[in-house]
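Engineer: Next come a sequence and a model predicted from it.
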Amino acid sequence: MPRERPIRELTRADIEGLHPEPMRIGIPHKSDLLLYRIRGEQVVLKGYGAKRGLCHRLLGLVCTTLEERALRALAGMEGVPQFRGRIDRCCLAVAHVPGRRARGSDPQLRGNEEFVRRLECIVQQMHARGVVHLDLRHRSNVRVAPDGQPIVLDFESALCFDPKWLVGRLAVRLLGKVDQLAVLKWQYRLCPHMLSDSQMRKARLLDRLSGWWTPHRFIRGLLDGPASRARELTGKRPVR
Ligand SMILES: Nc1ncnc2c1ncn2[C@@H]1O[C@H](COP(=O)(O)OP(=O)(O)O)[C@@H](O)[C@H]1O
Ligand SMILES: [Mg+2]
């Protein structure tokens, strides 16, 4: 039987001398995103290496480690980007996912029950592997692939448990509710007709309660406080 050749993980040596395309850079408390073409594949490097200050570096280390653990646990699964390597302590590489951001106003997604069911299925598969995402409600973390299927991104808040152990399964069952509520919110945005009355009430409540509740969002919110106040006062983004 032909064996699949294992893909060698990328290291810093693989990107030396290459010229990336910036996808997003310079936002405080958020990773910088650079798009590389490496060995014929488009790869996104997500890193905090250029951030200043111990707090930001620490945040980068935690977020990168959480994301690496989750992506490794989900390796080979459809509906999530594939891990391509840990470049350094504060930077990792993932395969680029073509497509567009999922938006409630997208005419191809409105009323698209298949999209919502597939999203639900991805979440179930993640949970079966012991991974809870915890930041799925955010629109930017769900992409629409060119074939119209959902792809879940951004595992910086994700936690991993060992589903072989009872404690792990219980943790996933408990924390997994957060992901299930996020799917409910997507259902509410795209296919409200699929919801029962009680689900609709829950979804409306959730819609009002958007805010800071994932660990990294909370920390970013705290760190961002003075910066955003400065922005309010000057009406400008801080220059870095
Ligand atoms: N692997 C990827 N393929 C395509 N786009 C990506 C990929 N990773 C990130 N992006 C784009 O960058 C945005 C921010 O990335 P994300 O991982 O969600 O970072 P953050 O933690 O800052 O939210 C995403 O909404 C998406 O548009
Ligand atoms: Mg995100």
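Structural biologist: The structure has been received and is ready for your questions. On a predicted model such as this, the values are computed, not experimentally measured, just so you know. Ligands and ions are numbered 1, 2, ... in the order given.

Engineer: Quick check: chain neighbours aside, which residue is closest to the most centrally placed residue in the chain?
Structural biologist: With distances taken as CA atoms, centre = their mean, the residue of the chain nearest its centroid is Asp154 (1.3 Å). What sits nearest to Asp154 in space, not counting adjacent residues and going by CB to CB, 6 or more residues apart in numbering, is Asn141, at 4.4 Å. From N, CA and C alone the C-beta is placed, and that goes for glycine too.

Engineer: Check the offset of the helix ranked longest in the chain from the chain's centre.
Structural biologist: In the chain, assigned by DSSP state H, the helix with the most residues is helix 166-190. Chain-centre distance of helix 166-190: 15 Å, with CA atoms, centre = their mean, to the nearest Å.

Engineer: Can you name the next helix or strand after it?
Structural biologist: helix 197-208 (DSSP states H and E).

Engineer: just checking, what packs against the strand or helix carrying Cys121?
Structural biologist: Cys121 belongs to helix 113-128 when assigned by DSSP H and E. Packing contacts for helix 113-128, counted by 3 or more CB pairs under 8 Å, 6 or more residues apart in numbering; DSSP states H and E, involve strand 150-152, helix 166-190.

Engineer: Wondering if the first one reaches ligand 1 at all.
Structural biologist: Think strand 150-152. No: if you take CB under 6 Å from any ligand atom as the test, strand 150-152 misses ligand 1, and the best it gets is 8.0 Å.

Engineer: can you tell me the average pLDDT over that strand?
Structural biologist: The average pLDDT within strand 150-152 is 98.

Engineer: Begin at 861, not 1, for the rest of this chat.
Structural biologist: Will do, 861 is the new start, and the previous item becomes strand 1010-1012.

Engineer: partners of that strand, with directions?
Structural biologist: Sheet pairing for strand 1010-1012, assigned by DSSP bridges, gives strand 1002-1004 (antiparallel).

Engineer: can you give me the strands for the chain?
Structural biologist: Under the criterion DSSP state E, the chain contains strands at 881-884, 892-898, 901-907, 943-948, 951-955, 960-961, 991-992, 1002-1004, 1010-1012, 1019-1020.

Engineer: how much space is there between the nearest residue in space to Leu996 that is not next to it in sequence and Arg1068?
Structural biologist: Of all residues not flanking Leu996 in the chain, Ala1042 sits nearest, at 3.6 Å (CB to CB, 6+ apart). Ala1042 is 15 Å from Arg1068, where distance means CB to CB, to the nearest Å.

Engineer: What are the buried residues along stretch 887-894?
Structural biologist: The neighbour-count check on stretch 887-894 (16 or more other CB atoms under 10 Å) flags Pro888, His889, Lys890, Ser891, Asp892, Leu893, Leu894 as buried.

Engineer: out of those residues, which one sits closest to His993?
Structural biologist: Ranked by distance to His993 (CB to CB), those are led by Ser891 at 16.7 Å.

Engineer: so what's the residue lying closest to that closest one once chain neighbours are set aside up against?
Structural biologist: Of all residues not flanking Ser891 in the chain, Lys906 sits nearest, at 4.6 Å (CB to CB, 6+ apart). Listed by CB atoms under 8 Å, 6 or more residues apart in numbering, the contact set of Lys906 reads Ser891, Asp892, Leu893, Thr924, Glu927, Cys951, Leu952, Ala953, Val954.

Engineer: is it true that the first one touches Ala910?
Structural biologist: This means Ser891. No: the criterion here is CB atoms under 8 Å, and Ser891 misses it with Ala910 at 9.6 Å.

Engineer: what about the residue nearest to Leu996, how many neighbours?
Structural biologist: For Ala1042, the tally of surrounding residues (other CB atoms under 10 Å) stands at 22.

Engineer: Does stretch 921-939 reach ligand 2?
Structural biologist: No: Stretch 921-939 is not in contact with ligand 2 by CB under 5 Å from the ion; minimum separation 10.4 Å.
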